[in-house]
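In: kindly return the folded structure for what I paste below:
(one chain, ligands or ions: 2)
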Amino acid sequence: MGEAPAFIVNDLHTENGFTNGFGLKPKGCETTTVVGDKTFLIGGTDEALGVKIYDKSTGKWVIPTVLGKEPKPCKGHSAVLLNEDRILVIKKGSTPDDCIWFLEVDTQYVRDHNKKVGAEVVAWSKGVIGYAEKPVVISGPSGVGKGTLISMLMKEFPSMFGFSVSHTTRAPRVMEKDGVHYHYTERSVMEKDIKDGKFLEFASVHGNLYGTSIEAVEMVADAGKRCILDIDVQGARSVRASSLEAIFIFICPPSMEELEERLRLRGTESEEQILKRLRNAKAEIEQGKSSGIFDHTLYNDNLEECYENLKKLLGIDGSNIANQQTTPKGIDLPAEHSISKIDNKIIINCGAPEQEKTSNLIVMDVSSLKEGAPGRTRGLDVYTVDSFSDGLNGVSKLS
Ligand SMILES: Nc1nc2c(ncn2[C@@H]2O[C@H](COP(=O)(O)OP(=O)(O)O)[C@@H](O)[C@H]2O)c(=O)[nH]1
Ligand SMILES: Nc1ncnc2c1ncn2[C@@H]1O[C@H](COP(=O)(O)OP(=O)(O)O)[C@@H](O)[C@H]1O
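Out: Ligands and ions are numbered 1, 2, ... in the order given. Next up is the predicted model:
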């Protein structure tokens with residue numbers, strides 16, 4: 001997902017315009033954005049979304065570029081200039097699950113490559129913007145019960161949470177499945193992927209390499225679920241320093257003796273591995289308590305109590321679960337909307353609010369927009385406000 005789409009253009013330019021179906025005649029659903037001498041006309045056909053450029057200095061239209069066939073075209077999109085090189089196209093998806101998509105167009109690329117046949121729009125991104133809550137990072141020493149608590153959470157709220165499946169060089173345990181518990185991988189392969197920038201974080205833990213790929217986190221986000229990461233303290237530190245905004249929870253054992261007993265009863269490690277894990281546990285607990293990385297510490301003495309406390313932290317405990325959505329809700333974008341930009345905020349005006357709706361303005365804050373994996377954009381903060389009179393400073397913040 002999120003790959004830049006291939007653009008195959010065959011002899012497009014004719015006297016009358018374009019023969020590939022990208023006439024892009026103004027039909028009310030195209031938008032134009034001016035960058036210097038160039039006017040970028042963004043429009044859709046029944047099959048895809050495309051950009052056509054009018055060059056004022058030559059008085060000519062240049063070859064249109066296909067942005068992509070996803071989301072499936074349907075009426076209603078608009079575009080706004082993000083900065084001098086980028087146009088953000090806001091596009092309504094064709095199904096309620098699609099919510100809003102954003103496609104980022106690298107105008108520099110379109111300008112430079114508009115004469116090429118078979119070019120690719122490199123900086124093309126898309127994303128479903130929804131209410132997905134901040135990812136949850138869970139750390140703690142081996143045997144403390146992280147996996148057990150996460151399984152309970154995923155079992156009770158299967159549509160709310162998604163697990164970030166890490167990569168590791170350690171061998172699978174008897175009951176573990178490749179692609180479910182971990183992606184089991186060769187060290188050389190993982191090291192190359194790390195070099196290629198595919199990992200959000202990685203660390204050497206108990207003698208093996210572990211890492212969270214950007215893809216692992218994005219797959220959960222793309223499914224509209226809240227991402228759970230089970231990673232060690234070093235990994236948590238790296239995520240803290242990354243662009244991923246998360247909640248950091250450290251799980252502590254009631255005592256070292258209890259931790260040892262749990263590890264031994266689990267029966268998944270060799271004696272040598274158990275001793276190594278217990279040695280590492282002391283340092284991990286010290287760092288977990290004092291590093292300032294973690295927002296919360298939970299003691300896992302009684303499992304049920306600890307689980308209830310975890311749910312409380314995540315705002316899904318018994319007292320307010322009735323008000324919680326079990327699936328993230330997307331932001332609805334009406335076909336009729338207007339778009340404008342004020343500083344780092346893009347404001348989508350959805351018209352007068354309907355009775356059951358409480359808000360009519362969607363604000364996309366692009367001030368912390370960051371590049372994600374190739375072809376993706378992350379860090380777009382989206383929230384709604386009821387009207388301009390509310391100001392733009394965080395009423396009903398959604399993500
Ligand atoms: N930094 C980092 N740590 C990870 C990752 N995945 C797992 N870990 C940590 O690696 C440690 C060992 O995990 P594992 O081999 O499954 O053993 P367990 O903790 O005893 O169940 C644990 O502290 C995990 O939290 C990852 O992607 N990144
Ligand atoms: N509160 C608890 N009391 C007793 N045993 C527990 C508790 N929490 C977890 N366990 C058990 O301890 C072992 C280690 O738990 P696990 O979830 O695998 O830890 P981690 O993922 O942190 O390494 C498992 O056998 C699990 O059933």
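In: please make it C-alpha for all contacts and neighbour counts, starting now.
Out: OK.
In: contacting residues around Gly179?
Out: Gly179 makes contact with Val165, according to CA atoms under 8 Å, 6 or more residues apart in numbering.
In: switch the cut-off to 10 Å
Out: When contacts are counted by CA atoms under 10 Å, 6 or more residues apart in numbering, Gly179 is found next to Val165, Ser166, His167.
In: so the second one makes contact with Tyr184?
Out: Yes - counting by CA atoms under 10 Å, Tyr184 is a contact partner of Ser166 at 8.6 Å.
In: where do the contact lists of those two overlap?
Out: Tyr210.
In: and the two? which has more neighbours close in?
Out: Ser166 (25 against 19; other CA atoms under 10 Å).
In: so what's that one bridging to?
Out: Tyr182 (DSSP bridges).
In: look up how far ligand 2 lies from it.
Out: Separation of Ser166 from ligand 2 (CA to the nearest ligand atom, to the nearest Å): 13 Å.
In: what does Ser290 give?
Out: Ser290 is 19 Å from ligand 2, by CA to the nearest ligand atom.
In: for that residue, which residues are in contact?
Out: Ser290 neighbours (CA under 10 Å, 6+ apart): Glu284.
In: same thing but 7 Å
Out: Counting by CA atoms under 7 Å, 6 or more residues apart in numbering, Ser290 makes contact with nothing.
In: again with Tyr307
Out: Leu149.
In: report the buried residues of the helix or strand containing it.
Out: According to DSSP states H and E, Tyr307 maps onto helix 303-313. Within helix 303-313, the residues that count as buried by 16 or more other CA atoms under 10 Å are Cys306, Tyr307, Asn309, Leu310.
In: ok, which of the contacts of Gly179 also contact ligand 1?
Out: Ser166, His167 (CA under 6 Å from any ligand atom).
In: closest to Glu218 among the contacts of Gly179?
Out: Val165 (10.8 Å; CA to CA).
In: nearest residue to that closest one other than its sequence neighbours?
Out: Spatial nearest neighbour of Val165, chain neighbours left out: Tyr182 (5.3 Å); criterion: CA to CA, 6 or more residues apart in numbering.
In: one more: Lys311?
Out: Per CA to CA, 6+ apart, closest to Lys311 is Asp317, 4.9 Å.
In: so that neighbour: helix, strand or coil?
Out: coil (DSSP: H, G, I helix; E, B strand; the rest coil).
In: re the thing from before, what about the helix holding Tyr307, near ligand 2?
Out: Yes - shown here: helix 303-313 in contact with ligand 2 (CA under 6 Å from any ligand atom) through Leu303.
In: which bits of the stretch 51-200 of the chain sit near ligand 1?
Out: So far as CA under 6 Å from any ligand atom goes, the stretch 51-200 of the chain lies against ligand 1 at Ser139, Pro141, Ser142, Gly143, Ser166, His167.
In: whichever of these end up buried, select them in PyMOL.
Out: Here is the PyMOL command that selects the buried residues among these (16+ other CA under 10 Å):
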select buried, resi 139+141+142+143+166+167
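In: tell me which two in the residues of the stretch 51-200 of the chain next to ligand 1 are the farthest apart.
Out: Largest pairwise distance in these, by CA to CA, is 19.3 Å, between Gly143 and His167.
In: who does the helix or strand Ile251 falls within touch, helix- and strand-wise?
Out: Assessed by DSSP H and E, Ile251 sits inside strand 247-252. Applying 3 or more CA pairs under 7 Å, 6 or more residues apart in numbering; DSSP states H and E, one finds that strand 247-252 makes contact with strand 136-139, strand 296-299.
In: near ligand 2 at all, the last one?
Out: Read it as strand 296-299. No - figure legend: strand 296-299 not in contact with ligand 2 (CA under 6 Å from any ligand atom); closest approach 8.6 Å.
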